[in-house]
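Asks: Please work out how this folds:
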Amino acid sequence: MQNNILAVPFRKGTHLSLSAAIRQYISTKYDQHPDMFRQDLEVIDALRRDAVNVREPHPSGVARLQAYAGQLVWIGGKFPIDIGADFTWYPALGYNTERPIVHNNLKFELANILYNLAALYSQLAIASNRSSTDGLKTAASYFSLSAGVLTHLKNEVIPELRTTPPEDMEEHTLGSLIQLQLAQAQECYWQKAVMDGYKDASIAKLAAKVSDLYNEAGEAAMRSEAISSSWIHHMSAKHHHFAAAAQYRAACDCLEKRKYGEEVARLRDAVACVAEGLKESRGGYLHKAVVEDLNGLKRRVEEDLKRAERDNDVIYLNPVPPKSELKILDRATMAAARIPPQLSAPLDYLSEKGEFGPPLFTKLVPYSVHIAVSIYEERRDRLVNQNIIAELETLNERIHEIFSSLNLPGSFQAFEKPLGLPGTLLQHAEEIRQADALNRLQRSFADIDKLRAADLAVFEEGKNLLRAEEEEDAQLRMKYGTDRWTRPESRSEPNQGAKLWGQVTDAEGWFANSGSSDAVVRDKFHSIEPTLAVLASPDHRIIDFVPSSRRTEIPDALKPAIGRLRGVYGNVIRLESRRRKKAEALRAKARDDDIKSDILAEAARLERTHAVATAIVPAHFEDFFEKRLDSLYEPDLELVQAEASEQEKLISELIRVNREFESQKKMVDNKGNKEREQAIQKLENAYYKYKELISNAEAGRKFYNDLSRIIGGFRDGARNFVAERRREARMLEDELSMPPLSNLSLGGQQNRVQQPAQPVNPSNAWDAGTSYQGQLQQQAQNSFLPPPRQQVQSPAEAHIQSWAPVSETVAPQPQPPRANPMQGVWNPGVGIKFANTPPPTASSNGGNASGSAQQEKGKASGTWDRNSAIRFG
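Replies: The predicted structure is shown next:
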């Protein structure tokens, strides 16, 4: 097998029982028994087992990976993304391939399967027989499919991951792999053109595009943390190789067209490009086949350059243009990423006779349908409670505001019942006593306080978790610096962090507004509490509160006005009573509005008719919701307008009749009735305020109960987010504590300061991969000297002829000899020399004599000289 191209390695997954997680989720979240889906559970386990076991480049693996991926997309509409299965996968690239990555995430599982599908296509391309034109076409097709799968993974799956992707799936790594597969596909087309004997100009265009694609792959790889230096050297070498090949073919075309000067210029540039490519072989990072290809091209180009220069100098005498005047080579693009239709439209292949077989869990109510039911119920309740019942209650409040401003019914009841208590007031007092009104309100307020305190405690727990994580992240950022600690802060983290901090702001606003509303309700209660206590007392105390009138009979002049006023007042009271009954009937209608059977039928219709191209989501039911709400509740919405219109007419008539009554009342002696009228009206107002307070208390209790679910979800989301962030922080700390790649001696020794090498400590040696050659030497300071890293040309559409400087020598520079490690071994026969010891300047004999003299001097003086050596024995 040739090794002048690269294959994407497989990710390794561990086996788990996905059916167990699905069974547990069905039993806890659905009202269907898991045994109904025993066969589907067995099939999903078999599909995963077959897909995870694909480790060899055989075409049969394509169908197994595609089938499992298609079913994953399908069940993604049935279950939530965090179904409860901890999918464990090992990275394929990078320096942490032995460290597993675990996520409870169906999209993470899908991403790994698609990654392995791309790897399979890549390895199938390498396994193809590329010694024939048909084999080259097959290999190019596989490379294009691999690039298409990676493109689909990058654009469609990774954005929905809801977590930070692994290093070998992040944007730059996938971008580099995509360009690498396209470059190798284009290389196959170039090789086929050479085998088919295409014209040199056409081959040059193909080679130039190959060089561009390798250049783009290398640029993206430089920004990736997962792609090894050996791969980067390979891409750079290929980039220069095909730049040279393009110029060589362009020179051959110039020879055919008798452009002898341009031929020489392009051959010189080809030689320079080959030399740049051979520089990548330093350190042994390139495979032997790549180096042999470069050397073969170098020999051929150098031979043609000698011939072209000799012919032009002796025969043609054409001027050789500088590189800046050479025309940029055109590009011919043949390779393109092709996404298999089994990935772009997987649901089309799920059927009884389909390629992927029947869809699984079809009888299970989709998770999106459960969400849609909740959305419909929330929207229905909001429509009924806010748009209809709340409007009707507002109309009722308007009635009592008018009654209070007109002193009704106290103004005419004081005349109708000059002694004792009016009948309506007695009924209201009995109702207050039966309901234990004061204690009921106080209990309601106490319950609301408890609910609010519980909600606040849960909210504070979640907010404190986020704050603690934010402080931990800030400390780590200060410890490692913003250049190394590059992950975003939690407030700007795009997947969950920004959303959770936004929920913090929203919840703080909710608590502030609800606190203000609670205070208003309490003030309203305190304003009527004394009067309500009178109304809840026995009748004799109420009689003591309401003074009797001095007049025992209704004046004849007032009887007609009182009769008309009582009639209109009764009409308004009956309107309010009828309205309350309609509101209760509407609440019962909403409770009985069960949409489950109808929405299941609608979901089945959507699946059966393929009305949607992807998995069913709640948005697909919008039209269904609108039609149902309109058909069921549009008449009730129209009722609100009719009620408002009827009420305005009655209120206008009431005001007119009350005005007549007040004018007649002024004509009679009203002394003694004023105090009674005010007392009765005060008790009536307290009764209606009590009814409002009961409604407010119920609304407050419902608000805090609903808020508890929202805040609980926020707290759980904060827990998961903080746990994930702390796990990421630990992993990042582990990586930062390792020796950085820039400190590893990956290149030759020619750029280092020559000094005696120290013995290699095995505990400090780190083998980063089989492609890394040479030893990593530990310096005297326990640090590594960073070698210069190869820079990849940018942009892709660069002047190919300018890739190598004119002054660059053709042959690569020989490497200096390695230092002898034994030079640094201490010999007991040699003294221990300390810092600042002057080197010997005389010959060996002279040095010995000088040393003897110094030694004798030391003996004579009895004082040790630090510049002299220590001798043992």
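Asks: what about residue 524, neighbour count?
Replies: If you count neighbours by other C-beta atoms under 10 Å, residue 524 ends up with 15. All C-beta spots, glycine's among them, are computed from the backbone N, C-alpha and C.
Asks: repeat for residue 374
Replies: 11.
Asks: Please tell me the pLDDT value assigned to it.
Replies: Residue 374 carries a pLDDT value of 85.
Asks: How is it assigned, secondary-structure-wise?
Replies: helix (DSSP: H, G, I helix; E, B strand; the rest coil).
Asks: And it, how close does it get to residue 456?
Replies: Counting by C-beta to C-beta, to the nearest Å, the gap between residue 374 and residue 456 amounts to 25 Å.
Asks: go on, residue 468?
Replies: 18 Å.
Asks: now do residue 625
Replies: Distance, residue 625 to residue 456, by C-beta to C-beta: 34 Å.
Asks: and the residue nearest to residue 340 when sequence neighbours are not counted, what is it in contact with?
Replies: The shortest distance from residue 340 to any non-neighbouring residue, by C-beta to C-beta, 6 or more residues apart in numbering, is to residue 145 (6.2 Å). Residues counted as contacts of residue 145 (C-beta atoms under 8 Å, 6 or more residues apart in numbering) are 121, 338, 340.
Asks: Where neighbours are concerned, which of those residues has the most?
Replies: So for the contacts of residue 145 (other C-beta under 10 Å), the most neighbours sit at residue 121, 29 neighbours.
Asks: That one touches residue 146, doesn't it?
Replies: Yes - taking C-beta atoms under 8 Å as the definition, residue 121 is a contact partner of residue 146 at 3.7 Å.
Asks: Output the helix or strand the residue nearest to residue 340 falls within in CSV with nothing but the alpha carbons.
Replies: Element membership for residue 145 (DSSP states H and E) is helix 133-152. What follows is helix 133-152 as a C-alpha-only set of coordinates in CSV (Å, rounded to 0.1, in the frame of the first residue of the first chain):
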residue,chain,number,x,y,z
THR,A,133,-7.5,4.9,-14.3
ASP,A,134,-10.7,3.2,-13.0
GLY,A,135,-9.1,2.8,-9.6
LEU,A,136,-8.2,6.4,-9.6
LYS,A,137,-11.7,7.4,-10.4
THR,A,138,-13.0,5.2,-7.6
ALA,A,139,-10.5,6.7,-5.1
ALA,A,140,-11.3,10.2,-6.1
SER,A,141,-15.0,9.5,-5.6
TYR,A,142,-14.4,8.0,-2.1
PHE,A,143,-12.3,11.1,-1.1
SER,A,144,-15.1,13.4,-2.3
LEU,A,145,-17.6,11.5,-0.3
SER,A,146,-15.4,11.7,2.7
ALA,A,147,-15.1,15.4,2.3
GLY,A,148,-18.9,15.6,1.9
VAL,A,149,-19.6,13.6,5.1
LEU,A,150,-17.1,15.9,7.0
THR,A,151,-18.8,19.0,5.6
HIS,A,152,-22.2,17.7,6.7
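Asks: Model confidence score at residue 247, please.
Replies: 94.
Asks: ok, now the one 3 residues further on?
Replies: Residue-level confidence at residue 250 comes out at 94, pLDDT.
Asks: so how far is residue 271 from it?
Replies: 14 Å.
Asks: These two: who's more crowded?
Replies: Taking other C-beta under 10 Å, residue 250 and residue 271 do not tie; residue 250 has more neighbours (31 against 24).
Asks: any idea which helix or strand carries the residue nearest to that one when sequence neighbours are not counted?
Replies: Residue nearest to residue 250 in three dimensions, not counting chain neighbours: residue 204, with 4.4 Å by C-beta to C-beta, 6+ apart. Taking DSSP H and E as the definition, one finds residue 204 inside helix 200-222.
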